[in-house]
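Enquirer: Structure here, sequence nowhere to be found:
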Ligand code: BT5
(Lines give C-alpha, C1' and ligand atoms only; values in the text may rest on other atoms or scores of the structure.)
Protein backbone atom coordinates (compact mmCIF):
# COMPACT_ATOMS: atom_id res chain seq x y z
CA UNK A 1 0.00 0.00 0.00
CA UNK A 2 1.17 3.53 -0.68
CA UNK A 3 -0.33 7.01 -0.91
CA UNK A 4 -0.45 7.10 -4.76
CA UNK A 5 -2.09 3.70 -5.10
CA UNK A 6 -4.69 4.56 -2.46
CA UNK A 7 -5.42 8.00 -3.93
CA UNK A 8 -5.92 6.63 -7.44
CA UNK A 9 -8.01 3.60 -6.35
CA UNK A 10 -10.30 5.82 -4.24
CA UNK A 11 -10.54 8.69 -6.75
CA UNK A 12 -14.23 7.90 -7.50
CA UNK A 13 -15.23 8.63 -3.89
CA UNK A 14 -16.13 12.08 -2.52
CA UNK A 15 -13.24 12.11 0.00
CA UNK A 16 -11.77 15.43 1.14
CA UNK A 17 -8.14 14.38 1.65
CA UNK A 18 -6.27 11.13 2.28
CA UNK A 19 -3.28 10.66 4.61
CA UNK A 20 -1.46 7.32 4.40
CA UNK A 21 1.14 6.07 6.92
CA UNK A 22 3.26 2.90 6.88
CA UNK A 23 3.09 2.78 10.66
CA UNK A 24 1.39 4.94 13.24
CA UNK A 25 0.25 4.59 16.85
CA UNK A 26 -3.49 4.70 16.07
CA UNK A 27 -5.36 6.00 13.01
CA UNK A 28 -8.11 7.30 15.34
CA UNK A 29 -5.59 9.31 17.33
CA UNK A 30 -4.12 10.76 14.13
CA UNK A 31 -7.61 11.61 12.81
CA UNK A 32 -8.61 13.33 16.07
CA UNK A 33 -5.44 15.46 15.95
CA UNK A 34 -6.04 16.28 12.28
CA UNK A 35 -9.68 17.16 13.02
CA UNK A 36 -8.51 19.71 15.62
CA UNK A 37 -6.57 21.50 12.88
CA UNK A 38 -9.60 21.63 10.61
CA UNK A 39 -9.84 18.37 8.60
CA UNK A 40 -12.96 18.47 6.42
CA UNK A 41 -15.87 15.98 6.33
CA UNK A 42 -14.72 12.67 4.76
CA UNK A 43 -11.00 13.16 5.39
CA UNK A 44 -9.35 9.76 5.64
CA UNK A 45 -6.43 8.40 7.65
CA UNK A 46 -5.15 4.98 6.61
CA UNK A 47 -2.19 3.06 7.96
CA UNK A 48 -0.59 -0.28 7.17
CA UNK A 49 0.37 -1.01 10.81
CA UNK A 50 -0.64 0.38 14.21
CA UNK A 51 1.64 0.26 17.23
CA UNK A 52 -1.09 1.25 19.73
CA UNK A 53 -4.37 0.49 17.96
CA UNK A 54 -7.32 1.19 20.21
CA UNK A 55 -10.35 -0.92 21.02
CA UNK A 56 -13.27 0.12 23.19
CA UNK A 57 -12.95 0.62 26.96
CA UNK A 58 -9.16 0.94 26.80
CA UNK A 59 -8.72 -2.41 25.06
CA UNK A 60 -6.13 -2.90 22.32
CA UNK A 61 -6.62 -3.57 18.63
CA UNK A 62 -3.82 -5.46 16.91
CA UNK A 63 -2.88 -4.43 13.35
CA UNK A 64 -0.17 -6.63 11.85
CA UNK A 65 1.84 -5.32 8.85
CA UNK A 66 0.87 -5.96 5.20
CA UNK A 67 -2.27 -7.85 6.13
CA UNK A 68 -5.05 -5.70 7.53
CA UNK A 69 -7.05 -2.54 7.03
CA UNK A 70 -6.85 0.13 9.74
CA UNK A 71 -8.45 3.42 8.84
CA UNK A 72 -10.40 6.32 10.29
CA UNK A 73 -12.88 8.50 8.48
CA UNK A 74 -13.66 11.97 9.81
CA UNK A 75 -17.32 12.96 9.90
CA UNK A 76 -18.74 16.36 10.76
CA UNK A 77 -22.16 15.43 12.13
CA UNK A 78 -24.97 17.36 10.47
CA UNK A 79 -27.67 19.03 12.63
CA UNK A 80 -30.11 16.15 12.03
CA UNK A 81 -27.43 13.61 12.98
CA UNK A 82 -26.79 15.13 16.42
CA UNK A 83 -29.59 13.08 18.01
CA UNK A 84 -28.44 9.77 16.51
CA UNK A 85 -24.70 10.00 17.23
CA UNK A 86 -24.47 6.47 18.72
CA UNK A 87 -25.50 5.14 15.31
CA UNK A 88 -22.17 6.10 13.71
CA UNK A 89 -20.71 2.97 15.21
CA UNK A 90 -23.28 0.57 13.64
CA UNK A 91 -22.89 2.66 10.45
CA UNK A 92 -19.32 1.34 10.35
CA UNK A 93 -20.32 -2.25 11.06
CA UNK A 94 -23.24 -2.20 8.64
CA UNK A 95 -20.93 -0.85 5.91
CA UNK A 96 -18.42 -3.67 6.50
CA UNK A 97 -21.16 -6.32 6.71
CA UNK A 98 -22.89 -5.13 3.52
CA UNK A 99 -19.57 -4.99 1.67
CA UNK A 100 -18.52 -8.51 2.66
CA UNK A 101 -21.91 -10.06 2.14
CA UNK A 102 -23.19 -8.26 -0.99
CA UNK A 103 -20.02 -7.22 -2.82
CA UNK A 104 -17.75 -10.19 -1.93
CA UNK A 105 -20.39 -12.93 -1.53
CA UNK A 106 -19.11 -13.97 1.90
CA UNK A 107 -21.56 -16.26 3.77
CA UNK A 108 -22.67 -15.91 7.36
CA UNK A 109 -21.67 -12.32 7.94
CA UNK A 110 -23.19 -10.99 11.17
CA UNK A 111 -22.94 -8.05 13.52
CA UNK A 112 -22.38 -8.81 17.18
CA UNK A 113 -24.36 -6.01 18.78
CA UNK A 114 -23.45 -3.25 18.98
CA UNK A 115 -20.70 -3.30 16.39
CA UNK A 116 -18.29 -6.23 15.87
CA UNK A 117 -18.43 -7.82 12.43
CA UNK A 118 -18.29 -11.61 12.54
CA UNK A 119 -17.92 -14.22 9.83
CA UNK A 120 -18.99 -17.69 10.91
CA UNK A 121 -19.22 -16.33 14.48
CA UNK A 122 -15.57 -15.18 14.50
CA UNK A 123 -14.52 -11.55 14.78
CA UNK A 124 -13.26 -10.11 11.49
CA UNK A 125 -13.64 -6.38 12.05
CA UNK A 126 -13.96 -3.97 14.97
CA UNK A 127 -15.24 -0.40 15.03
CA UNK A 128 -14.34 2.39 17.43
CA UNK A 129 -16.04 5.79 17.14
CA UNK A 130 -14.52 8.70 19.02
CA UNK A 131 -16.24 12.08 19.20
CA UNK A 132 -15.12 15.62 19.98
CA UNK A 133 -17.59 18.11 21.40
CA UNK A 134 -18.20 21.83 21.20
CA UNK A 135 -20.65 22.61 23.99
CA UNK A 136 -23.57 20.23 23.55
CA UNK A 137 -22.89 19.47 19.89
CA UNK A 138 -20.62 16.84 18.45
CA UNK A 139 -18.10 18.63 16.30
CA UNK A 140 -16.39 15.59 14.83
CA UNK A 141 -17.02 11.84 14.92
CA UNK A 142 -14.08 9.69 13.89
CA UNK A 143 -15.19 6.26 12.70
CA UNK A 144 -12.21 3.92 13.12
CA UNK A 145 -12.39 0.53 11.45
CA UNK A 146 -10.00 -2.40 11.67
CA UNK A 147 -10.51 -5.35 9.31
CA UNK A 148 -8.51 -8.59 9.29
CA UNK A 149 -7.93 -9.17 5.58
CA UNK A 150 -5.24 -11.84 5.11
CA UNK A 151 -4.60 -14.78 7.49
CA UNK A 152 -1.47 -12.99 8.82
CA UNK A 153 -3.69 -10.26 10.29
CA UNK A 154 -5.31 -12.63 12.80
CA UNK A 155 -3.68 -12.30 16.24
CA UNK A 156 -2.88 -15.43 18.26
CA UNK A 157 -6.00 -16.66 20.03
CA UNK A 158 -4.45 -16.32 23.52
CA UNK A 159 -4.38 -12.51 23.06
CA UNK A 160 -8.10 -12.38 22.27
CA UNK A 161 -11.37 -12.32 24.21
CA UNK A 162 -13.36 -13.82 21.32
CA UNK A 163 -12.44 -16.12 18.36
CA UNK A 164 -11.10 -14.23 15.31
CA UNK A 165 -10.70 -14.81 11.59
CA UNK A 166 -9.91 -12.90 8.39
CA UNK A 167 -11.80 -12.10 5.20
CA UNK A 168 -9.48 -14.22 3.04
CA UNK A 169 -9.65 -17.23 5.37
CA UNK A 170 -13.45 -17.22 5.17
CA UNK A 171 -13.81 -16.27 1.52
CA UNK A 172 -11.12 -18.69 0.37
CA UNK A 173 -9.56 -16.32 -2.18
CA UNK A 174 -7.31 -13.23 -2.24
CA UNK A 175 -8.79 -9.80 -1.54
CA UNK A 176 -7.23 -6.49 -2.61
CA UNK A 177 -7.03 -4.36 0.56
CA UNK A 178 -7.43 -0.97 -1.13
CA UNK A 179 -10.41 -2.10 -3.19
CA UNK A 180 -11.97 -3.48 -0.02
CA UNK A 181 -11.36 -0.10 1.66
CA UNK A 182 -13.04 1.69 -1.27
CA UNK A 183 -16.06 -0.61 -1.09
CA UNK A 184 -16.47 -0.12 2.67
CA UNK A 185 -16.18 3.67 2.28
CA UNK A 186 -18.83 3.68 -0.48
CA UNK A 187 -21.20 1.78 1.81
CA UNK A 188 -20.50 4.24 4.66
CA UNK A 189 -21.24 7.19 2.39
CA UNK A 190 -24.44 5.59 1.03
CA UNK A 191 -25.81 4.36 4.40
CA UNK A 192 -25.04 7.67 6.11
CA UNK A 193 -27.78 9.24 3.97
CA UNK A 194 -30.29 6.80 5.57
CA UNK A 195 -28.94 6.87 9.11
CA UNK A 196 -31.99 8.72 10.47
CA UNK A 197 -34.44 6.36 8.71
CA UNK A 198 -35.97 3.08 9.87
CA UNK A 199 -34.38 1.36 6.84
CA UNK A 200 -30.99 1.78 8.51
CA UNK A 201 -32.08 0.06 11.75
CA UNK A 202 -33.80 -2.70 9.78
CA UNK A 203 -30.66 -3.38 7.76
CA UNK A 204 -28.57 -3.49 10.94
CA UNK A 205 -31.14 -5.76 12.62
CA UNK A 206 -30.96 -8.22 9.71
CA UNK A 207 -27.28 -8.84 10.40
CA UNK A 208 -27.69 -9.35 14.13
CA UNK A 209 -25.67 -12.31 15.44
CA UNK A 210 -27.07 -14.80 18.01
CA UNK A 211 -30.75 -13.94 17.41
CA UNK A 212 -32.94 -16.40 19.31
CA UNK A 213 -29.94 -17.57 21.31
CA UNK A 214 -29.12 -17.09 24.96
CA UNK A 215 -26.63 -14.26 25.43
CA UNK A 216 -24.92 -12.61 28.33
CA UNK A 217 -24.58 -8.81 28.24
CA UNK A 218 -22.18 -7.17 30.63
CA UNK A 219 -22.73 -3.42 30.81
CA UNK A 220 -20.75 -2.46 33.91
CA UNK A 221 -18.73 -4.44 36.40
CA UNK A 222 -21.84 -4.78 38.55
CA UNK A 223 -24.61 -5.00 35.98
CA UNK A 224 -25.26 -7.78 33.50
CA UNK A 225 -28.23 -9.60 32.00
CA UNK A 226 -28.66 -13.04 30.48
CA UNK A 227 -31.51 -13.98 28.18
CA UNK A 228 -32.72 -14.65 24.66
CA UNK A 229 -31.59 -12.10 22.09
CA UNK A 230 -34.74 -10.85 20.32
CA UNK A 231 -33.44 -8.02 18.11
CA UNK A 232 -32.99 -4.26 18.25
CA UNK A 233 -35.69 -1.68 18.93
CA UNK A 234 -36.38 1.58 17.09
CA UNK A 235 -33.60 3.33 19.02
CA UNK A 236 -30.93 0.69 18.37
CA UNK A 237 -31.19 -0.78 21.88
CA UNK A 238 -30.89 -4.54 22.24
CA UNK A 239 -34.07 -6.44 23.15
CA UNK A 240 -33.56 -9.40 25.47
CA UNK A 241 -36.15 -11.81 26.92
CA UNK A 242 -34.96 -12.70 30.40
CA UNK A 243 -35.24 -16.14 31.94
CA UNK A 244 -38.28 -14.92 33.95
CA UNK A 245 -40.04 -14.03 30.66
CA UNK A 246 -39.81 -10.23 30.90
CA UNK A 247 -38.55 -8.14 28.00
CA UNK A 248 -35.59 -5.90 28.61
CA UNK A 249 -33.86 -3.23 26.50
CA UNK A 250 -30.12 -2.85 26.90
CA UNK A 251 -29.06 0.72 26.15
CA UNK A 252 -26.49 1.00 23.57
CA UNK A 253 -23.03 1.90 24.69
CA UNK A 254 -19.84 0.26 25.73
CA UNK A 255 -21.13 -3.20 26.55
CA UNK A 256 -19.76 -6.66 26.05
CA UNK A 257 -21.99 -9.33 24.54
CA UNK A 258 -21.21 -13.00 24.27
CA UNK A 259 -23.15 -16.20 23.82
CA UNK A 260 -24.21 -17.58 27.20
CA UNK A 261 -22.95 -20.98 26.00
CA UNK A 262 -19.89 -21.47 23.78
CA UNK A 263 -20.84 -20.78 20.11
C1 LIG B 1 -13.03 -3.01 18.87
O2 LIG B 1 -12.93 -2.88 20.23
O3 LIG B 1 -13.32 -4.03 18.29
C4 LIG B 1 -12.70 -1.74 18.12
C5 LIG B 1 -11.49 -1.88 17.27
C6 LIG B 1 -11.26 -0.67 16.41
C7 LIG B 1 -9.96 -0.75 15.68
C8 LIG B 1 -9.80 0.37 14.68
S9 LIG B 1 -8.40 0.14 13.68
C10 LIG B 1 -8.53 1.73 13.07
C11 LIG B 1 -8.92 2.62 14.23
N12 LIG B 1 -7.77 3.11 14.94
C13 LIG B 1 -7.72 2.63 16.20
O14 LIG B 1 -6.82 2.87 17.03
N15 LIG B 1 -8.78 1.82 16.43
C16 LIG B 1 -9.64 1.78 15.28
P17 LIG B 1 -13.40 -3.98 21.26
O18 LIG B 1 -14.82 -4.38 20.96
O19 LIG B 1 -13.09 -3.39 22.58
O20 LIG B 1 -12.47 -5.22 20.96
C21 LIG B 1 -11.13 -5.23 21.34
C22 LIG B 1 -10.76 -6.69 21.54
O23 LIG B 1 -10.71 -7.33 20.26
C24 LIG B 1 -9.37 -6.90 22.13
O25 LIG B 1 -9.41 -6.85 23.53
C26 LIG B 1 -9.01 -8.28 21.61
O27 LIG B 1 -9.59 -9.30 22.39
C28 LIG B 1 -9.72 -8.31 20.25
N29 LIG B 1 -8.80 -8.00 19.13
C30 LIG B 1 -7.73 -7.19 19.09
N31 LIG B 1 -7.19 -7.15 17.87
C32 LIG B 1 -7.94 -7.99 17.10
C33 LIG B 1 -7.89 -8.37 15.74
N34 LIG B 1 -7.00 -7.89 14.88
N35 LIG B 1 -8.83 -9.27 15.32
C36 LIG B 1 -9.77 -9.77 16.14
N37 LIG B 1 -9.88 -9.43 17.44
C38 LIG B 1 -8.96 -8.55 17.91
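Expert: It's in. Just so you know, these numbers come straight off a predicted model, no measurement behind them.

Enquirer: so what's the closest residue to the ligand within the stretch 1-150 of the chain closest to, chain neighbours aside?
Expert: Nearest residue of the stretch 1-150 of the chain to the ligand: residue 126, at 2.2 Å (C-beta to the nearest ligand atom). Yep, even glycine has a C-beta here, placed from its N, CA and C like the rest. Among residues not flanking residue 126 along the chain, residue 146 sits closest, at 5.1 Å (C-beta to C-beta, 6 or more residues apart in numbering).

Enquirer: Just the buried residues of the helix or strand hosting the one you found, please?
Expert: In this assignment (DSSP states H and E), residue 146 forms part of strand 137-148. By 16 or more other C-beta atoms under 10 Å, the buried positions in strand 137-148 come out as 138, 140, 141, 142, 143, 144, 145, 146, 147, 148.

Enquirer: One more: stretch 102-109?
Expert: For stretch 102-109, using 16+ other C-beta under 10 Å, the buried residues are 104, 106, 109.

Enquirer: What about those, which are in helices?
Expert: Among the buried residues of stretch 102-109, no member is found in helices (DSSP state H).

Enquirer: Nearest to residue 28 among those residues?
Expert: residue 109 (23.7 Å; C-beta to C-beta).

Enquirer: Residue 212 belongs to a strand, doesn't it?
Expert: No. Secondary structure assignment (DSSP: H, G, I helix; E, B strand; the rest coil) places residue 212 in coil, not in a strand.

Enquirer: Report pLDDT for it.
Expert: Residue 212 is assigned 94 on the pLDDT scale.

Enquirer: OK, contacts around it?
Expert: 228, 229, 230 (C-beta atoms under 8 Å, 6 or more residues apart in numbering).

Enquirer: which SS state does the residue nearest to residue 188 when sequence neighbours are not counted fall under?
Expert: Excluding the flanking residues, the one nearest residue 188 by C-beta to C-beta, 6+ apart is residue 95, at 4.3 Å. Three-state call for residue 95 (three-state DSSP): helix.

Enquirer: next one: residue 7
Expert: Quick answer, by three-state DSSP: residue 7 is helix.

Enquirer: Next, the nearest residue to it once chain neighbours are set aside: phi, psi?
Expert: Distances taken as C-beta to C-beta, 6+ apart put residue 18 closest to residue 7, at 5.7 Å, once the chain neighbours are dropped. Reported as degrees, to the nearest 10, the phi and psi values for residue 18 are phi -120, psi 130.
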